[in-house]
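Chemist: A predicted structure for the sequence below; I have some questions about it.
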Amino acid sequence: MNEFTTGSHILTLLTVLPLAGAAVALFSGKHARAVALFTTIASLAVALYVWTGLPADGTMGMVERVSWAPSLGIEYHLGVDGLGALMLVLSAIVTLMSVDAAHRVHHQPNLYFGLVLVLESGLFGSFTALNFFHWFLFWELSLIPAFFLIKLWGGTRRGPAATQFFVYTMAGSVALLLSFLAVFLSTGSSNAPGTMDFGQLAAMAASGQLEQMVTMHLGPVMPWLAIGVLAGFAVKVPMIPFHTWLPAAYAEAPSPVTMLLTGAMSKMGAYGLLRIALPLFGHQIAQMRTPLLVLAVATVVMGAWAAAAQTDLKRVFAYSSVNHLGYCLLGIFALAVPASGAAALASQAAALNGVILQMFNHGITAATLFWFVAMLQERTGGHRGIDQFGGLRKPAPVLAGLMGIVLFSSLGLPGLNGFVGEFLIFRGVFPLAWVAATVSILGLLVTAAVILTVIQKVFTGPVPEHCVGFPDLHYGERLAMVPVIGLMFIIGLVPQLIVGSVNPTVVNLLAHWRF
Amino acid sequence: MLAWTIYLSFAGALVQALLPKGRPGLSRWLALAFAVLGLLHALGGFVAGMGQGRQIIVDLPWVPTMGIHYLLAADGISRVLVLLTGLAAVAGILFSWNVELRTNEFFAFYLALIGGVYGVFLSFDLFLLFVFYEIAIVPKYFLIAIWGSTRREYGAMKLALYSFVGSAMVLIGLLAAYTTAGSHSTSLIDLAACAHAGALPISFQMWCFPLVFTGFAILAGMWPFHTWAPTGHVAAPTAASMLLAGVVMKLGAYGCLRVGIGLFPHGLDPWGFSFVGIGSWRDVFALLAVIGIVYGALVALAQTDFKFVIGYSSVSHMGFVLLGLMTLNQIGVTGAVLQMFSHGIIAGLLFAIVGRIVYDRTHTRQLAELEAMHLGKRLPFAAWSFVIAGMASMGLPGFSGFVAELQVLVGAWIAKPWWTIAAGVGIVIGVAYTWRALQKAFFSDALPTAHALEQEHNHDHQFAAITWPEVTGVVMLASVSLFVGLYPRILLDTIEPAVKALLAGGGQ
Amino acid sequence: MNYPSLYSDLFRATLPETALEIGALLVLVVDLGLLRKAALKTRVASASLLGVAGCVFALWFVSLAGAAGLSSGDELLIATGGYIGAAQSGILVLTALTLLLLIGSIFTRHAGEYVAVVLMAAAGGLLVASAQDLLVIFVGLELLSLGLYILTAFAKHSGKSAEAAMKYYLFGGMSAAFLLFGFSYLYGITGSTNLHKILLSAFYASASGGAPLLYVALVLIAAGLGFKVAAVPFHFWAPDTYEGAPAPAAAFIASVSKVASFALLISLSTAGVHLFDGVHELRFVAFNNGPLPRYLGILIPWMLILTVLSAASMVLGNLAALAQTSVRRLLAYSAVAHAGYILLGLAYFSHSAASANAILYYILTYGLTTIGAFGVVSVVERATGSDRLDAFLGLHKRNPLLAAVLLVLFLSLAGIPPLVGFWAKFNLFAAVLGVSAGPVPFALVALAIAMSAVSLYYYLQVLKRAYVLPAIDESPIKAHPVTLIVLLAIAAAVVLLGCFPSLLQNWIASFYR
């Protein structure tokens, strides 16, 4: 089974490029950041190229497929559709931003940037993998650099934070692995190994065959397998109540690392739900829909509420991330209903488009937010409490202005990118689960209050002593910020740029999912 | 080609014994040369044998009156294990570059041990296999007793006696099989044909199999006969621990497979009655293997000595091998053989880091003391090597252990599902103890913040710099594990047909 | 009783013994006469070499002898050829080696007397090996034993030597008495002194109810012969004798007398086995109530006695050796253990020559190894003054060649391949199992192998001192060149014969022309 479908190995190239960069960076000493910048820019270029090369009908493109361990049903199988390609672009952008933001790594910069690049490779790999083993490899691969990045360069309580991060994610991974092993074993027989291929498994699930095979081999455990898989992703997104690792990790990690965590790594969880959980366990999820929706709504509302109670800026935005990703969860679980009619289908499509868009937008926005927090920290010698700032629009109007734009995007102001995703999600969820949607509006309101409070406390009001000489953004930083902020406006005003490429994939996916 | 590995090793040992004392440099380079030559032959034999079945290398009558032949042959399993031995041998010498005491005797015993190991893997005559198996015992004793560390005499004697008792059990079984089959021949091929033809009645196999299997399994570190392993590994000098855990324990597992399962397949049949769910020797040994996996992991979790952690982890990993053997299906046994190779490399790497890179510099193996030494900063090479070795040991995908353990788990599932669950628990605990050791030894929380540490310029003393043999050894072992992990077909294609032939039985 | 047809026949049959006796007389003449005034070293050297020459001649005569033997009428007195020829050749080679060892470890001024006694004892050994008649057996045994008692006492200045000799003599005399008593019963029951006739008659006698006396006779004989081979519980002389006798004498006792005694035991067992050529299966039908006699002759109790002796020796010999601190006593107890292994081979004796060959192989190679061991011990003793374990500390530094020889020899005794000791054990056990594959022989073989594993421990203790532990005194130990050559030759033979076992096997088989 050695089919090379399109003959181009661009996805492998994309995945290996950061690894090569990491190897070079490890030996570059003080120039590691330059190497990392170069590598991430190159990765972004390749990712954009992939984005433009997507097939128009929403199916998988640029497929590579090599058999690797036939007796275990493991293949090296890569491919991208709209969803995957968008995530690739997001990862590339966020990593570039993270590297740009990390210009004060004094301690072993070569190791730092090496780990960041390995992390990027892990992200690329997991967004292009179409076989469980391969996907799981990169899922785990991204975990290790993240752990070390928190552990070695983090804040005062980084030890427990890193350990908690690791243990939680690992536990989730174990649950995932066990469920998948069960699936693999059930799909095999004594003379033919099972399959780990997402496509094949999805087809089997859609026809009901998967559930049959599992029940035959193991008994009525399919719901438990679904729970196991959901648990793995629920930790990553995160979904309440599996989120407790997040605030500590986000707060203790150095801000550029937090950018990566929130911008890209959290998307792995949502991506996993879309790529793996819904196609394979759609029926089970539909049956568990109500409790899942409750949890999603709780994530939205509690995330916002908790954000309101924080005094540490990083924690505010950490909980706010939980809230924003809660919308993705809401959309995902809401669309898990057996389709009955064109209207429902349209709602599902809207919800799914919204989810994907929200993943992208939140990634950009949250990463930028944390970038600003990093800047605030640097300029004031480590302060990041809400009350430690005030009236910054006087000494630093440009910073206040740009950060304000990003904050409004996070709030969901129409015209900025944050609005589009949330709008589509609500557009899709209301017909499908109006109770959940209604309660989630609370989240919107509270988020608005939080963001406005931040703006008021940080940018308006009297200027405290230590902020009087607050330097504004300098030329380099402005240059870096402008494209990102521009992107936010563009997407906010012309979302068709993205939705146009994603929608065919959405339609294709929905056509193949059975609930 | 492959037989030269044996001859070169023994020739090297003899040369080392005759070298003048007081020339350690000459001794090292000569030893390395012989080992590298052996490795090249092993590699050549492996490549030449790809796609071939069992090939007979040498067949000379040795004691014609008893039908004993000097019979050397290789099938897929042998070739893979010979390759492992070659790699471990070279790595061991690289990590013994700093041995100053009686260097030539050290390498003489070392090369004699390697020669014996090569011999076992290549022998297809039961008597010859036994001879090589026993030859390997005495050099082990001296390597540990003279150059070891903690409680070395006790550890050495324990290891020697346990091995000898194990081989005594094998000898009894060998004699029994030989006489029962008619005292015609001790060739494994002939004996297997006899067994297939029914010359070894099932009742005979029922008691001979557990005897021989246990005899070999003692050396493989099966619970509860494993107690020599942690003591022995800790007492041994680095190269000896690498060889012990990496290769010698595989001798036992290989014997279990080749002789135990190969000659007495009916010994694993159900007894006809069952007691607490155990209805055959297969169940018994699988249970012991699973206990070994979990027990080894749990005890490793509780250790305060770094090397003991690795020692018990070896017991746990070998439990996987034995479990794989007991699945008696293609995928499980293939996984077991792959795990033999994989663990051989990884254990070698782990012991090298703990023993050579860390202990020789810090002179302590207590995790509590290492915690205070900021090794993550002062010995970054050791720390990151251990990260890689730890990931491999945990069975992380991308390294050789993942595919091997996965295959064993799948094979166990096909045989008896609860084995898989218990073994899975062992894997999870494995992650835990590796993590704990990693944290405590290298990345402890006792560190001040990264930024503050930069200002710490007053270390008591600098650690000795990392030498080129250490780097070469680590790179060699880690890259092999990574390569096999990323492209397991390179070994699986050789192992799978050989396992198929062995499980099919008969005089194939 | 018939007398031998011609004394010339007697002479011809006992040519080897005669050669030795003449050699002994020659040595005495040369030493006490010609070399009266010469230096001690010269006298010792010449006596040894003359003794060796005598052995060589005797060897030649052994090789000349066919399978005829010597009969008195229709009763065989002395047999030759076959396993007997091999045993005699072995005795002569081993004697020559112990004589060569004398050159390097001079302990007495009476060189000529010593060598003469050795040769005479060897002659007795040759006789014992070939004897087929009770009286000839006894004569040979006494000739051998008396010589051994004297040899033990030869180190006149050592109190230990005298004590050991006393114990050996008293013990030996008592055993000889037992033996003779047992022989007398056999004669009484059966009316003949020829082994084959005895066993045949014993079978019929037992059928008619003379069994109890037979048992007694067998037990007594076992006691007497058990003493000679140092089997438990008749072994108590061994540790003291091995410890007290001067090293070359101890080497001789440990090797040659064992070979002779075991050859005798082989004769006994062979005669028993060949009782009913063609009906040997009857041996294994015991205690049935059919028309066959309820008790089947001499063989089963004999087997039983030998099995008990064997098991006891194996276990006790190895366990006692564990506790020793003197290397000589350690060797003594290990000798007891090895005797146990061989007795197992005798208990399960095959109809073909397989068992006899296996036993011979074992005892010949064991004798060779033991001589080497005592050679090393004597060198170390001379240099350090004691044979304690601690005397061997750091031997690898003080004399690396000697340490290497020690390594080879002790590992061979432990049964580690590829040395000859391993092969001898394997061969023996294979022969035992080839005769009978029931659960009892298996269990006994398993016991033997397990005890071998135990033996590794105490042999390693000595090797540990030689190689591992730090030395107290690092001054080099010098060995006499002749001793060193002999030891190296022995070590080389141990390795060579172990790697190519068929060499010795073929040599033994060649006597069966």
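Modeler: Great, that's in hand.
Chemist: could you report the neighbour count for the nearest residue to B:Ala73 once chain neighbours are set aside?
Modeler: Once flanking residues are discounted, B:Ala73 sits nearest to B:Phe124: 4.0 Å by CB to CB, 6 or more residues apart in numbering or on different chains. Bear in mind the C-beta positions are built from the backbone N, C-alpha and C, glycine included. Close neighbours of B:Phe124, defined as other CB atoms under 10 Å in any protein chain shown, add up to 24.
Chemist: now A:Ala374
Modeler: Neighbours around A:Ala374, by other CB under 10 Å: 23.
Chemist: mind checking the SS state of it?
Modeler: Counting by DSSP: H, G, I helix; E, B strand; the rest coil, the backbone at A:Ala374 sits in helix.
Chemist: surely it meets A:Ser98?
Modeler: No: between A:Ala374 and A:Ser98 there is no contact under CB atoms under 8 Å: 9.7 Å.
Chemist: common neighbours of these two, please.
Modeler: When contacts are counted by CB atoms under 8 Å, 6 or more residues apart in numbering or on different chains, A:Ala374 and A:Ser98 are jointly contacted by A:Pro256, A:Met259.
Chemist: hang on, the earlier thing: compute the distance between the residue nearest to B:Ala73 and C:Gln132, please.
Modeler: Using CB to CB, to the nearest Å, B:Phe124 is found at 46 Å from C:Gln132.
Chemist: per-residue pLDDT, whichever residue of the stretch 351-500 of chain B sits closest to chain C?
Modeler: Chain C sits closest to B:Gly355 of the stretch 351-500 of chain B, with a gap of 19.7 Å, by CB to the nearest CB. Note for B:Gly355: predicted pLDDT of 86.
Chemist: tell me the contacts of it?
Modeler: Contacts of B:Gly355 (CB under 8 Å, 6+ apart): B:Phe95, B:Pro237, B:Thr238, B:Ser241, B:Met242, B:Lys307.
Chemist: burial of the fifth one, as a residue count?
Modeler: With neighbours defined by other CB under 10 Å, the count for B:Met242 comes to 33.
Chemist: just the element for the nearest residue to it once chain neighbours are set aside, please.
Modeler: With sequence-adjacent residues excluded and distances taken as CB to CB, 6+ apart, B:Met242 is closest to B:Gly348, at 4.2 Å. Counting by DSSP states H and E, the element that carries B:Gly348 is helix B:330-351.
Chemist: which helix or strand lies directly C-terminal to that helix?
Modeler: Next along the chain from helix B:330-351, counting by DSSP H and E, comes helix B:360-362.
Chemist: any buried residues in that following helix, and which?
Modeler: By 16 or more other CB atoms under 10 Å in any protein chain shown, the buried positions in helix B:360-362 come out as B:Arg361, B:Thr362.
Chemist: right, and the helix or strand after it?
Modeler: Past helix B:360-362, the next helix or strand by DSSP H and E is helix B:367-371.
Chemist: which other helices and strands contact the next helix or strand after that following helix?
Modeler: Going down the chain from helix B:367-371, the next helix or strand is helix B:375-378, by DSSP H and E. With contacts defined as 3 or more CB pairs under 8 Å, 6 or more residues apart in numbering or on different chains; DSSP states H and E, helix B:375-378 has these neighbours: helix B:380-394.
Chemist: for the stretch 201-350 of chain B, what lies in contact range of chain A?
Modeler: B:Asn329, B:Gln330, B:Ile331, B:Thr334 (CB under 8 Å from any CB of the partner chain).
Chemist: with just CA atoms, put the helix holding B:Gly348 into CSV.
Modeler: Extracted C-alpha coordinates of helix B:330-351, given in CSV (Å, rounded to 0.1, in the frame of the first residue of the first chain):
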residue,chain,number,x,y,z
GLN,B,330,2.2,-13.8,15.7
ILE,B,331,1.8,-10.2,16.8
GLY,B,332,2.5,-10.8,20.5
VAL,B,333,5.6,-12.8,20.0
THR,B,334,6.9,-10.3,17.3
GLY,B,335,6.3,-7.6,19.8
ALA,B,336,8.2,-9.5,22.4
VAL,B,337,11.3,-9.8,20.1
LEU,B,338,11.1,-6.2,19.1
GLN,B,339,10.8,-5.3,22.8
MET,B,340,13.9,-7.3,23.4
PHE,B,341,15.8,-5.2,20.9
SER,B,342,14.2,-1.9,22.0
HIS,B,343,14.7,-2.4,25.7
GLY,B,344,18.2,-3.6,25.1
ILE,B,345,19.1,-0.2,23.5
ILE,B,346,17.1,1.9,25.9
ALA,B,347,18.3,0.2,29.1
GLY,B,348,21.8,0.5,27.9
LEU,B,349,21.2,4.2,27.3
LEU,B,350,19.6,4.7,30.7
PHE,B,351,22.4,2.9,32.6
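Chemist: so how far is the helix or strand encompassing A:Thr290 from its chain's centroid?
Modeler: Assigned by DSSP H and E, A:Thr290 belongs to helix A:289-309. Taking CA atoms, centre = their mean, to the nearest Å, one finds helix A:289-309 lying 18 Å from the centre of the chain it belongs to.
Chemist: next: stretch A:336-347.
Modeler: On the basis of CA atoms, centre = their mean, stretch A:336-347 is displaced by 26 Å from the centre of the chain it belongs to.
Chemist: can you list contacts of it?
Modeler: A:278, A:282, A:285-286, A:289, A:292, A:335, A:348, A:427-432, A:510, A:514-515.
Chemist: part of a strand, is A:Pro220?
Modeler: No: judged by three-state DSSP, A:Pro220 forms no part of a strand; its state is coil.
Chemist: and the contacts of stretch A:336-347, which of them are in helices?
Modeler: Judged by DSSP state H, helices contain the following of these: A:278, A:282, A:285-286, A:289, A:292, A:348, A:427-432, A:510.
Chemist: who wins for neighbours among the residues you listed?
Modeler: Neighbour-wise, the ones in helices among the contacts of stretch A:336-347 (other CB under 10 Å) top out at A:Val429, 29 neighbours.
Chemist: what's B:Gln16 in contact with, if anything?
Modeler: B:Ser27, B:Leu30, B:Ala31, B:Asn104, B:Glu105, B:Phe107, B:Ala108, B:Leu111.
Chemist: so what's it closest to, chain neighbours aside?
Modeler: B:Ala108 is the one closest to B:Gln16 (CB to CB, 6+ apart), at 3.8 Å.
Chemist: wait, doesn't that neighbour sit right on B:Ala17?
Modeler: Yes: taking CB under 8 Å as the definition, B:Ala108 is a contact partner of B:Ala17 at 4.3 Å.
Chemist: between those two, which one's more packed in?
Modeler: B:Ala108 (23 against 16).
Chemist: so that one sits in a helix?
Modeler: Yes: counting by three-state DSSP, one finds B:Ala108 located in a helix.
Chemist: residue of the stretch 1-150 of chain B nearest chain A, please.
Modeler: Counting by CB to the nearest CB, the stretch 1-150 of chain B gets nearest chain A through B:Gly76, at 14.3 Å.
Chemist: that residue contacts B:Gly49, doesn't it?
Modeler: Yes: the pair B:Gly76 and B:Gly49 passes the contact test of CB under 8 Å, sitting 7.4 Å apart.
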